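A.B. asks: Mind folding the following:
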Amino acid sequence: MSFKYDLLLKGGEIFDPTQNLREILDIAFSHGKVAAISQEIPLEESKETKNVSGKLVTPGLIDIHGHYFEHIVPFSTSADLVCLPNGVTTTMDAGSSGWTHFEGFKEFILAQQQTRIMALVNLSALGMMAPRRSVGETFGPTIGVSGGPQTMLDPNRVGELQDLRYAQVEEAIRCIKDNPKVALGVKIRIDHAISGEANTIPALERARAVADATDSFVMVHVANVPVPLSKVFEYLKPGDIVTHIFHSAENNVLDKKGYVRTEVKEAKDKGILFDIGADRKNFGINLSMSAIEQNVLPSTLSSDITKVRPGSEVIYTLPEVMSLYMALGMSLDQVLTCSTQTSAKAIRQDGSLGTLRVGSVGDATVIEVESGKFEYSDGSGTSITAKERITPRLTIKDGQVWHPN
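C.D. replies: I've put the predicted structure just below:
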């Protein structure tokens with residue numbers, strides 16, 4: 001017997017911001033694509049059917065900031081362990097690999113995962129280094145959120161941009177051009193420990209040159225940035241991404257009176273994208289709440305997911321980050337849009353990902369919004385109790401129900 005569809009999801013509430021759609025409908029998939037959305041699709045037309053009544057069906061969630069270069073870059077994790085089980089069908093590795101290791105990264109990591117993984121090429125040929133040790137050690141200057149646990153700098157470790165000889169522009173350009181379906185842009189970390197103040201502007205200049213030469217974009221890590229954000233914004237264009245935008249260390253988005261800085265609002269209005277990157281040490285609950293109250297919302301929500309590190313008890317998945325930011329003042333529709341439509345646009349995959357339009361890639365996430373008391377915290381020890389959380393119930397990848405290997 002031949003079937004019209006491979007998979008049918010019946011009775012769910014379809015949420016798709018790309019179609020201004022929020023309605024109880026059936027959705028069917030065939031040959032890895034979205035094949036039909038209708039009020040009533042007959043059961044007999046599909047090889048497999050799932051009843052998703054009482055649940056939300058969204059485009060497959062997209063996490064634009066994670067680290068997956070396992071066994072090479074410290075604390076990197078497996079995308080298939082943390083993404084697909086949590087409704088994330090697509091993710092972007094945020095600069096774990098520089099050009100020197102990128103072919104190996106692509107062949108042995110990216111191509112071996114069921115999760116759809118794309119990547120940014122680190123401006124440093126070395127990729128990401130680990131200049132910090134765990135919370136609570138007593139040597140060196142401190143960085144991080146004042147008043148909370150501090151991360152100590154190890155003077156014997158070198159960040160990947162402390163020596164600009166490793167910021168190799170032509171090689172990074174070649175790497176991105178040679179891998180157009182995988183390498184989406186360039187990543188730099190501007191940080192006291194990673195670049196130092198002296199190399200901040202030269203690194204930004206070089207990253208800008210790479211992005212311009214490849215018609216791609218820059219993602220800039222700005223937690224613990226040693227210069228004012230206004231200086232960073234000078235080197236960014238619409239579509240570039242500032243990650244860890246709501247960190248609470250020095251040079252953050254708020255002025256001394258607690259107001260969002262004018263230059264921050266201007267950058268967002270200009271089209272620079274604000275990404276959360278919710279590694280617990282790199283975002284602040286109180287600062288996030290203040291910015292949201294002042295109507296400065298993140299463009300994208302992301303996890304910056306890694307393995308659990310010493311001194312960091314919790315690593316949040318993308319649905320947990322979404323739940324946290326609902327507790328901080330964003331609506332369900334806003335966090336879903338940030339994690340689907342806007343994230344797809346941020347990584348230049350809009351039209352094929354982050355949508356449930358007929359003909360698009362057949363990725364979907366079935367979620368349930370649970371009520372209860374759910375606690376989340378940041379690196380300073382500040383916590384907040386959420387009344388709702390987003391819980392993934394089913395992941396559809398390329399038109400099939402995802403099952404772990």
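A.B. asks: got any ranges where the stretch 251-400 of the chain has weak pLDDT?
C.D. replies: 309-313 (pLDDT under 70).
A.B. asks: how does it look with 90?
C.D. replies: The stretch 251-400 of the chain contains residues with pLDDT under 90 at 279-281, 307-315, 379-381.
A.B. asks: Now for residue 121: which residues touch it?
C.D. replies: 95, 97-99, 102, 172, 175-176, 183, 185-187, 210 (CB atoms under 8 Å, 6 or more residues apart in numbering). In short, each C-beta sits where N, CA and C put it, glycine included.
A.B. asks: Partner strands of the helix or strand harbouring it, with direction?
C.D. replies: Per DSSP states H and E: residue 121 is located in strand 116-122. Note on strand 116-122: by DSSP bridges, its sheet partners are strand 88-94 (parallel), strand 183-189 (parallel).
A.B. asks: Give the rounded mean pLDDT of it.
C.D. replies: Across strand 116-122, pLDDT averages out at 98.
A.B. asks: Just the C-alpha atoms of that strand, please, in PDB.
C.D. replies: What follows is strand 116-122, C-alpha atoms only, in PDB (Å, rounded to 0.1, in the frame of the first residue of the first chain):
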ATOM      1  CA  ARG A 116      22.100  19.500  11.700                       C
ATOM      2  CA  ILE A 117      25.200  21.400  12.600                       C
ATOM      3  CA  MET A 118      26.700  24.400  11.000                       C
ATOM      4  CA  ALA A 119      29.700  26.400  12.300                       C
ATOM      5  CA  LEU A 120      31.500  29.600  12.600                       C
ATOM      6  CA  VAL A 121      35.200  29.600  11.900                       C
ATOM      7  CA  ASN A 122      37.300  31.100  14.700                       C
END
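A.B. asks: returning to that earlier point: ok, which of the strands paired with strand 116-122 comes nearest residue 260?
C.D. replies: strand 183-189 (23.5 Å; CB to CB).
A.B. asks: Report the buried residues of the very next helix or strand once past that closest one.
C.D. replies: Counting by DSSP H and E, the next helix or strand C-terminal to strand 183-189 is helix 200-214. Across helix 200-214, burial judged by 16 or more other CB atoms under 10 Å covers 200-201, 203-204, 206-211, 213-214.
A.B. asks: Would you mind giving the residues you listed as a markdown table with distance to residue 48 and pLDDT added?
C.D. replies: Formatted as a markdown table, those follow (distance: CB to CB, whole Å; pLDDT from 0 to 100):
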| residue | distance to residue 48 | pLDDT |
| --- | --- | --- |
| 200 | 53 | 97 |
| 201 | 55 | 97 |
| 203 | 50 | 98 |
| 204 | 50 | 98 |
| 206 | 50 | 98 |
| 207 | 46 | 98 |
| 208 | 48 | 98 |
| 209 | 50 | 98 |
| 210 | 45 | 98 |
| 211 | 43 | 98 |
| 213 | 46 | 98 |
| 214 | 41 | 98 |
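A.B. asks: Arrange those in a markdown table, one row each, with distance to residue 395 as further columns.
C.D. replies: As requested, these are exported to a markdown table (distance: CB to CB, whole Å):
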| residue | distance to residue 395 |
| --- | --- |
| 200 | 40 |
| 201 | 43 |
| 203 | 37 |
| 204 | 37 |
| 206 | 38 |
| 207 | 34 |
| 208 | 37 |
| 209 | 39 |
| 210 | 34 |
| 211 | 32 |
| 213 | 37 |
| 214 | 32 |
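A.B. asks: Closest one to residue 55 out of the residues you listed, please.
C.D. replies: For the buried residues of helix 200-214, the nearest to residue 55 is residue 211 (39.6 Å; CB to CB).
A.B. asks: wouldn't that closest one be in contact with residue 184 here?
C.D. replies: No: contact criterion CB atoms under 8 Å: residue 211 and residue 184 do not qualify, at 10.4 Å.
A.B. asks: any common contacting residues for the two?
C.D. replies: By the contact definition CB under 8 Å, 6+ apart, residue 211 and residue 184 are jointly contacted by residue 217.
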